[in-house]
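Enquirer: Make a model of this:
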Amino acid sequence: MRTTITTMVLLIAAAIATPLKAADIEAGKAKATEVCAACHGENGISTTENIPSLAGQQDQFIQWQLVFFRAGTRKNDQMQPIVEQLTNEDIRNLGAYFASLTPPKGPKDDNPDLSAKGKQAAMGRRCVSCHGDDLAGTKAVARIAGQREEYLVKALHDYKSGDRSGGGMAAMADVAYPLSEEEITALAHYLAHL
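Expert: Okay, here's the model as predicted:
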């Protein structure tokens with residue numbers, strides 16, 4: 001286990017180490033159009049069920065997740081063949097590009113009572129302690145405000161069951177494991193409508 005953690009730290013450090021040149025947002029946009037847009041949507045706003053929006057996501061978060069996928073510590077059958085082709089420079093450029101985009105706004109809340117329960121669950125689980133006061137993420141922590149509702153439900157289920165690994169797994173598993181189905185539904189609804 002210790003060797004795996006050490007290896008991951010070294011892989012992450014190599015992938016996001018200070019580059020010789022700054023990330024190129026235009027190159028990131030070109031790469032995103034080529035390999036990301038079909039699933040994650042034009043301008044990083046997904047319209048596909050269970051596929052997250054990436055617009056406005058934190059630069060470091062995008063980079064780390066791509067490194068986790070590429071290293072195989074975060075598994076996804078659709079992502080694996082894509083990330084295997086990405087260079088470290090591609091990863092830096094994609095992180096900068098998606099971070100530069102305007103994040104999606106949540107739809108009009110059609111169930112304020114469910115959102116109130118979700119807000120209570122978010123406060124009880126101290127989501128703001130990692131994801132920030134506005135739940136827009138910080139550094140290598142994901143933006144969850146305005147994310148697709150069904151994707152948030154899926155992600156929480158995956159953390160709860162242990163199916164999702166790579167980046168924040170230990171913290172998220174501790175948060176998600178005790179959540180009831182009702183809390184997951186309410187929390188996802190609340191976050192999606194921010």
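Enquirer: how about the residue nearest the centre of the chain, what does it touch?
Expert: The chain has residue 142 as the residue nearest its centroid, 4.7 Å off, counting by CA atoms, centre = their mean. Contacts of residue 142 were listed using CB atoms under 8 Å, 6 or more residues apart in numbering, and they are 57, 58, 61, 131, 168. Just so you know, the C-beta spots here come from the backbone N, C-alpha and C atoms, and that holds for glycine as well.
Enquirer: for residue 169, same thing?
Expert: Contacts of residue 169 were listed using CB under 8 Å, 6+ apart, and they are residue 159.
Enquirer: now do residue 99
Expert: Applying CB under 8 Å, 6+ apart, we find residue 99 in contact with 56, 57, 58, 59, 62.
Enquirer: Quick check: the last one is in a strand.
Expert: No. Residue 62: not assigned to a strand; according to DSSP: H, G, I helix; E, B strand; the rest coil it is helix.
Enquirer: Go ahead and confirm it touches residue 54.
Expert: Yes. Under the criterion of CB atoms under 8 Å, residue 62 makes contact with residue 54 at 6.6 Å.
Enquirer: and for the two, which residues touch both?
Expert: Taking CB under 8 Å, 6+ apart as the contact rule, the neighbours common to residue 62 and residue 54 are residue 98.
Enquirer: Of those two, give the one with the bigger neighbour count.
Expert: Comparing residue 62 with residue 54 by neighbour count (other CB atoms under 10 Å), the higher total belongs to residue 54, at 29 against 23.
Enquirer: If you drop the residues flanking it in sequence, what lies closest to residue 153?
Expert: Across the structure, with CB to CB, 6 or more residues apart in numbering as the measure, the residue nearest residue 153 apart from its sequence neighbours is residue 188 (4.5 Å).
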